[in-house]
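Visitor: curious how this folds, go ahead:
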Amino acid sequence: MRINQNIAALNAWRGLTQTDTALSKSLEKLSSGLRINRAGDDAAGLAISEKMRGQIRGLNQAMRNAQDGISLIQTAEGALSETHSILQRMRELAVQAANDTATAADRAEIQKEVDELAKEITRISNTSEFNTKNLLAGGFTSSFHIGANADQRISLSIGAMDAYTLGVAGSLVTTSYTGTNTGVTSISTVSENLDDLYLSVTKTNQTLSAVTQSNANGGAGTLNGASNYTGSSDKSFIVKIGTVDGTGKVTAASFSTDGGGTWTSAVVNSGGADGIVTLSDGLQITIATDDENASGDTYSFSATAQYLSFQVNTAANGSGTRYGDIVKAYNNQSSVVVGDADHELTAYFTFSTVVALATAGTYKGDQIQQTVTASSAAVTASDGSVTTAAVAQKGINVSTQANANNAITKINTALSTVSAERSKLGAYQNRLEHTIANLGTASENLSAAESRIRDADMASEIMNFTKLNILAQAGTAMLAQANMRPQSVLQLLQS
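Guide: Residues are numbered from 1 along each chain as shown. Predicted coordinates:
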């Protein structure tokens, strides 16, 4: 019997220490719910588990990324939905303007609405943003990261959707007239290309032409040139002598402007050497005194009204290439239309002038000057940010039947472009919805796999804990018994 070394107690203590350590670990697992709380619990399992956790959290974030992508797409598609509505209205207006029951004034009012609609399309393009990123200016190219690992992404780009890019914007054309010919007081145009053209103007006074004499006596009186004619158009006259005096001077006469169907008495001034006959619109003719003059003699002629003649050319003073026909403007006209709608080298350039015939004029080459402010698309930087916003100066031209007819085709093209872009966005949205479903399934399965590695099996661990608890109690009891054994030595001392 030994008292210096209680081997039994040491053995019981060792077993109790091991049990206590195992019991502590079991309690840790039960309290945390994890099988692996530190690397020492399962070094390889911890490494695998952490890698899986990275995958799971990456998949969950990828799901949120895809949902954000859907939100972005819905924002862009919603804006394009309104652009579609505006284009449909523009097409409706173009069809209305293409109908020739509409007057120029009607088309001018239609053009005003088309202009504003084009500006609104461009405003939508400039201001449609998601998280401060412009979506419709043409610089948007973005990647949606929809996977847990590097380079697992899809790219989306959205084209420019402003009015200029869609082809439904026009240029703002300001036309001015410069020159010295006061016969032209103002000018307006429906053209979009009159740069460096000149307006040639010639002032022409009334003339007498094609005099045909007929008299009963076979004589030939003399009819002098017409003067003071203020008529608004060329007119044919027949003058018939009524009476003459003994010297052959005309003292009475009548005239007809309908070929002799109706006759009107003329005013005759016989105070001078010859008979001066005043007809309509201030026209005066002189019938020279001649003994051959006789009652019933007639003179047929036409008087040419005073007018300005206009023609467009490429150089001052009437030199250069001429466009369009020579147009006459008589003094009852407040405006005339000049130009050429079909010239192959220039755009349609019909314009109207307001004339003032009271001023005598000579041949002029006054210039038509234009300031053309074009609509434009947005300018974007390499990162897609907008450096210069898009501008719509005017809408597509519907000011004439031909232009409105052409506008229908162009608006159809714009509608197709927007439809294609919306279709693409819808396809991407559907794709991302499938992506989200797939990511959710992958995250769920990986979570289950990671749980089997990292999480504690509570039923198994409780069973283990119960075993260790019993062992700890038994070990404590045995250690107490082992500590009592050395006391038997005292019984030897008592004997």
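Visitor: low-confidence stretches in the stretch 201-350 of the chain?
Guide: For the stretch 201-350 of the chain, residues meeting the criterion pLDDT under 70 lie at 204-228, 318, 331-332, 341-349.
Visitor: any idea how far S376 is from N126?
Guide: As judged by Cβ to Cβ, to the nearest Å, S376 and N126 stand 11 Å apart. For every residue, glycine as well, the C-beta is placed using N, CA and C.
Visitor: overlap in contacts, the two.
Guide: Common neighbours of S376 and N126 (criterion: Cβ atoms under 8 Å, 6 or more residues apart in numbering): A390.
Visitor: now the residue nearest the centre of the chain. Its backbone dihedrals?
Guide: In the chain, the centroid-proximal residue (Cα atoms, centre = their mean) is A163; its distance is 0.8 Å. With angles defined as degrees, to the nearest 10, A163 sits at phi -60, psi -40.
Visitor: wait, it touches A374, no?
Guide: No - counting by Cβ atoms under 8 Å, A163 stays clear of A374, with 11.9 Å between them.
Visitor: mutual contacts of these two, please.
Guide: Contacts common to A163 and A374, judged by Cβ under 8 Å, 6+ apart, are absent.
Visitor: and the residue nearest to the centre of the chain, what is it in contact with?
Guide: Applying Cβ under 8 Å, 6+ apart to A163 gives the contacts 118-119, 121-122, 125, 169, 375, 390, 392, 395.
Visitor: for the residue nearest to G384 when sequence neighbours are not counted, grab the count of nearby residues.
Guide: Of all residues not flanking G384 in the chain, G139 sits nearest, at 3.9 Å (Cβ to Cβ, 6 or more residues apart in numbering). When neighbours are counted by other Cβ atoms under 10 Å, G139 registers 21.
Visitor: do A44 as well
Guide: The tally of other residues near A44 (other Cβ under 10 Å) stands at 9.
Visitor: helix or strand for it, which one?
Guide: helix 43-97 (DSSP states H and E).
Visitor: quick check: next helix or strand after that helix?
Guide: Next element after helix 43-97 (DSSP H and E): helix 104-127.
Visitor: now that next one and helix 43-97, what's the angle there?
Guide: Calculated by axes from the mean of the first three to the mean of the last three Cα atoms, to 10 degrees, helix 104-127 forms an angle of 170 degrees with helix 43-97.
Visitor: sheet partners, orientation included, of the next helix or strand after helix 104-127?
Guide: The helix or strand immediately downstream of helix 104-127 is strand 129-130, counting by DSSP H and E. Here strand 129-130 has these sheet partners by DSSP bridges: strand 133-134 (antiparallel).
Visitor: hey, where'd the helices end up in the stretch 101-250 of the chain?
Guide: Shown for the stretch 101-250 of the chain, the helices assigned by DSSP state H, counting those that start in this stretch span residues 104-127, 163-166.
Visitor: OK, contacts around the residue nearest to G384?
Guide: By Cβ under 8 Å, 6+ apart, the contact set of G139 is 378, 380-381, 383-386.
Visitor: I'd like those residues as a markdown table, with neighbour count appended.
Guide: A markdown table is the format used below for the contacts of G139 (neighbours: other Cβ atoms under 10 Å):
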| residue | neighbour count |
| --- | --- |
| A378 | 23 |
| T380 | 18 |
| A381 | 10 |
| D383 | 8 |
| G384 | 17 |
| S385 | 13 |
| V386 | 19 |
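Visitor: mind giving me the domain ranges of the chain?
Guide: Listed by automatic domain parsing, the domain ranges of the chain are 55-170+376-440, 172-204+307-373, 207-304.
Visitor: will you turn these into JSON lines that also has distance to A47?
Guide: Shown next, in JSON lines, are these (distance: least, Cβ to Cβ, whole Å):
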{"stretch": "domain 55-170+376-440", "distance to A47": "13"}
{"stretch": "domain 172-204+307-373", "distance to A47": "68"}
{"stretch": "domain 207-304", "distance to A47": "104"}
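Visitor: excluding chain neighbours, give the residue nearest to G259 in space.
Guide: Distances taken as Cβ to Cβ, 6+ apart put I238 closest to G259, at 7.1 Å, once the chain neighbours are dropped.
Visitor: likewise for N11?
Guide: Of all residues not flanking N11 in the chain, A482 sits nearest, at 7.4 Å (Cβ to Cβ, 6+ apart).
Visitor: pLDDT score for that neighbour?
Guide: Looking at A482, its pLDDT is 82.
Visitor: how about the strands in the stretch 301-450 of the chain?
Guide: Using DSSP state E, counting those that start in this stretch, the strands found in the stretch 301-450 of the chain span residues 307-313, 322-330, 335-338, 351-355, 364-373, 379-380, 386-388, 394-395.
Visitor: tell me which other helices or strands the last one touches.
Guide: Think strand 394-395. In terms of contacts (3 or more Cβ pairs under 8 Å, 6 or more residues apart in numbering; DSSP states H and E), strand 394-395 is packed against helix 104-127, strand 169-170.
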